[in-house]
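Novice: Using only what follows, build the 3D model:
(one chain, ligands or ions: 1)
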Amino acid sequence: MTELTRRAMIGSAAGVGIATALAGCSKKSDTSSSSGSTASTAPTTGAASPAPGGAAALAKTSDIPVGGGKILTADKIVITQPTAGQIKAFTAVCTHQGCVVGTIENGLIKCPCHGSEYKIADGSVAKGPAPAPLAAIPVTVSNGEITKA
Ligand code: FES
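Specialist: You can find the predicted model right below:
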């Protein structure tokens, strides 16, 4: 009987883990699937998991200078604020040979490897050898926090 109870507990714990993981991945879904759910507690797997119901903020709008931007090297994302209140995000991976861009100056995102430059307003190439713009990354701004859309 104890073996059965133990298996049931392990199975239940795995179910909670899966339910928690799914909840973290389905933030766009607005279906009410909480009826009868046993996954009502926060995940206990560590700080890497985003908060239930939403992704972790990438940055605060107050961290993004107007007319400039911020490079999130770990996330490989560049967030810019071309004009006050206008937040944009792009991949930080240079379209030339894949270096992560290094600086933002004078309205330009600059790659340290071969000197490509991109405009902070739209990620378009201002100076080669980059062959293509930085791809835009959809973000949302809420309560002064920027998160992936
Ligand atoms: S990798 Fe960025 S300019 Fe070459």
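Novice: What ranges does this structure have for its helices?
Specialist: For the chain, the helices defined by DSSP state H occupy 2-25.
Novice: Just give me the neighbour total for Gln81.
Specialist: 21 (other Cβ atoms under 10 Å). All C-beta atoms are positioned from the backbone trio N, CA, C, and that covers glycine.
Novice: isn't it right next to Lys88, touching?
Specialist: Yes: the pair Gln81 and Lys88 qualifies as a contact (Cβ atoms under 8 Å) at a distance of 7.5 Å.
Novice: and for the two, which residues touch both?
Specialist: Common neighbours of Gln81 and Lys88 are listed as Ile120 (criterion: Cβ atoms under 8 Å, 6 or more residues apart in numbering).
Novice: domain assignment for the protein?
Specialist: 1-51, 59-148 (automatic domain parsing).
Novice: low-scoring stretches of this structure, by residue?
Specialist: Residues of the chain meeting the criterion pLDDT under 70: 1-54.
Novice: That one against the ligand: which residues are in contact?
Specialist: 94, 96-99, 111, 113-116, 129-130 (Cβ under 6 Å from any ligand atom).
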